[in-house]
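Novice: Sequence plus predicted model, see below.
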Amino acid sequence: QVQLVESGGGLVQAGGSLRLSCAASGRTSSSYVMGWFRQVPGKEREFVAAIRYSRITYYADSVKGRFTISRDNAKNTVYLQMTSLKPEDTAVYYCAVGLSVSSTNYDLTRIYDYWGQGTQVTVSS
């Protein structure tokens, strides 16, 4: 089992920045890919970004150039630095960990094995 705890959400004005953190504990592994997804009420959870232990990264087109994912392997922690935030970025952001993530399926929620409880990000216009 892997436990994930997110932090760093909050309320920010459009154009502002926030940094999310997600700490993993339990049976962590260097094989795990760590990722971020987000969800708004009434919509499916959508991929935001993911990062391999080797620090290879993947991004959704909607956040490229604005969000940066990084990880501290020694701390089993993944970060999501969000800049130039827009009202449409408002969502609950979830951290996820997956063992079977590849370069062709990294954006699929069903591929990820463990999920955090989510943290709310609200961007006001």
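Specialist: The structure has been received and is ready for your questions.
Novice: contacts and neighbour counts: CA atoms only from here.
Specialist: OK.
Novice: So which residues of the protein form strands?
Specialist: Assigned by DSSP state E, the chain shows strands spanning 2-7, 10-13, 18-26, 33-39, 46-51, 57-59, 67-72, 77-82, 91-98, 114-115, 119-124.
Novice: residues in contact with the shortest one?
Specialist: Identification of contacts with strand 114-115 by CA atoms under 8 Å, 6 or more residues apart in numbering yields Val2, Gln3, Leu4, Tyr94, Cys95, Ala96, Val97, Gly98.
Novice: partners of it in the sheet?
Specialist: strand 91-98 (antiparallel) (DSSP bridges).
Novice: Can you say which of the strands of the chain is nearest to Asp107?
Specialist: Asp107 lies closest to strand 46-51 among those, at 5.2 Å (CA to CA).
Novice: Roughly how far does the residue most central in space within the chain sit from Ser125?
Specialist: Ranked by distance to the mean C-alpha position of the chain (CA atoms, centre = their mean), the top residue is Trp36 at 1.7 Å. Distance of Trp36 to Ser125, computed by CA to CA, to the nearest Å: 23 Å.
Novice: next one: Gly9
Specialist: From Gly9 to Ser125 the distance is 17 Å (CA to CA).
Novice: Give me the more crowded residue out of the two.
Specialist: Gly9 (18 against 11; other CA atoms under 10 Å).
Novice: confidence score at that one?
Specialist: Note for Gly9: predicted pLDDT of 94.
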